[in-house]
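got a sequence here, can you model it:
(2 chains)
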Amino acid sequence: QQPVQSPQAVILREGEDAVINCSSSKALYSVHWYRQKHGEAPVFLMILLKGGEQKGHEKISASFNEKKQQSSLYLTASQLSYSGTYFCGTIQTGANNLFFGTGTRLTVIP
Amino acid sequence: EPEVTQTPSHQVTQMGQEVILRCVPISNHLYFYWYRQILGQKVEFLVSFYNNEISEKSEIFDDQFSVERPDGSNFTLKIRSTKLEDSAMYFCASSGGGRNYGYTFGSGTRLTVV
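From the prediction side, this is the model:
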């Protein structure tokens, strides 16, 4: 049930872009994205519902391809504050509960 | 901004003892969840709660675990007889509309079983 994320870790310089992928073996109803900083709670970034959409705000956006059961998170012109572990969470079609992915540790350096 | 409050922030307990982790979800939210995260690892689903009863639970949520909403504001997770492997960060979360909405997480309770 747990989605798989790639890459496991990425290091960026400020201003660079990154893509984080999330893949499930099951048909999905929705995909969530969260960011967790060390020692803190996960913070909700966005949700993408079935229907194959892309959404986001400013420099963080995401897409959801329900046919491929995949989602991608796009971070553009990264800032130091983007550092943290990014988790996707998926809710399968016909289910109600969110299962988190394996996580991607993002480090932005000056 | 409304937040989910968890207490205590850190609890140390002896193996075999009972612990109760407390959560105050956002007041107008109807869906409540417990997750746990073993240090540095994945965030694991434990249980979901709606309309004063368990909606779903994972295989981790065995007979030693229970949840309660004793009044209109608190949501508790009880671990009856703690084991060393129960050591983890426990997060409570709430949602205003179930699966169509994002979850708001509390800051967590770090449980250490010795």
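
now the terminal residues of stretch A:4-17, how far apart.
Length of stretch A:4-17, first residue to last, Cα to Cα, to the nearest Å: 21 Å.

same question, stretch B:91-108
End-to-end distance of stretch B:91-108 (Cα to Cα): 4 Å.

just confirm yes or no for that stretch near chain A.
Yes: with Cβ under 8 Å from any Cβ of the partner chain as the criterion, chain A is reached by stretch B:91-108 at B:91, B:98-108. No exception for glycine: its C-beta is placed from N, CA and C like everyone else's.

buried subset of these, written for PyMOL?
In PyMOL syntax, the buried subset of these is picked out as below (16 or more other Cβ atoms under 10 Å in any protein chain shown):
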select buried, chain B and resi 91+98+99+101+102+103+104+105+106+107+108
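
restricted to helices, list the residues of stretch B:91-108 next to chain A.
The helices, defined by DSSP state H, take in nothing from those.

tell me which helix or strand comes right after the helix or strand of chain A with the lowest mean pLDDT.
Lowest by mean pLDDT, DSSP states H and E among the helices and strands of chain A is strand A:54-57, with a mean of 66. Where DSSP states H and E defines the elements, the next helix or strand beyond strand A:54-57 is strand A:60-65.

now do the helix or strand just after that following strand: which elements does it pack against?
Downstream of strand A:60-65, the next assigned helix or strand under DSSP H and E is strand A:70-75. The contact analysis (3 or more Cβ pairs under 8 Å, 6 or more residues apart in numbering or on different chains; DSSP states H and E) places strand A:70-75 against strand A:18-23, strand A:28-36, strand A:60-65, strand A:84-92.

can you say which of those is nearest to chain B?
Nearest of those to chain B, taken as Cβ to the nearest Cβ: strand A:84-92 at 5.0 Å.
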